[in-house]
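J.: return atomic coordinates for the entry below.
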Amino acid sequence: MDHWRKTTRSELFNKECEFVERIHELGYNTYASRQHFTEQPLPPGTGSISKRRATVRRQWYISINGKGRPRRGFKTRSTDKASLFLPRVLGNKDHEMVRKLRDTQGAQHMHQQGWRGERRRRRHRGRKSRGRQTDDTADI
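T.: Take a look at the predicted model:
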């Protein structure tokens, strides 16, 4: 889901691809965007008394209209019929595809994290050694 409130597809996994899954009582699931939401001010007279104005966060849900096309995020509610999805049981082929996808994404993620982590550690070690004085230089 992008900042224009449209559900889009992406070749790469990023923050816009993250959704919060909620499992409802009759087996239905809803999916809300983790990154995008709408903040609305509370009506006067509700909430706490403070100088700062309180707001309510309304999440954007994935929803499909009658023609099977995605609806815009700000028009969706968690209770709409169009936002409720029934999960499908995966077959063996589907499980293999999910496993391959996880393996490729995990390897990519570990490669990126490993490089950054080493860079940070090196920088930290350099800073610590610069700030300390050795016994030889302290006597001079």
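
J.: tell me which stretches of the protein form helices.
T.: Ranges of helices in the chain, per DSSP state H, are 92-131, 135-139.

J.: which other helices and strands contact the longest strand along the chain?
T.: The strand that spans the most residues within the chain, counting by DSSP state E, is strand 29-41. Packing partners of strand 29-41 (3 or more Cβ pairs under 8 Å, 6 or more residues apart in numbering; DSSP states H and E): strand 19-23, strand 55-61. C-beta coordinates here come from the backbone N, C-alpha and C atoms, glycine included.

J.: right, and the ones you listed - which one's nearest residue 33?
T.: strand 55-61 (4.6 Å; Cβ to Cβ).

J.: list the buried residues in the closest one.
T.: Neighbour counts over strand 55-61 (16 or more other Cβ atoms under 10 Å) mark 58, 59, 60, 61 as buried.

J.: could I get the pLDDT score of the first one?
T.: The model reports residue 58 with a pLDDT of 75.

J.: which ones are touching it?
T.: 37, 38, 39, 40, 74 (Cβ atoms under 8 Å, 6 or more residues apart in numbering).

J.: and which of those is nearest residue 14?
T.: For those, the nearest to residue 14 is residue 37 (17.1 Å; Cβ to Cβ).

J.: what's the neighbour count on that closest one?
T.: 15 (other Cβ atoms under 10 Å).
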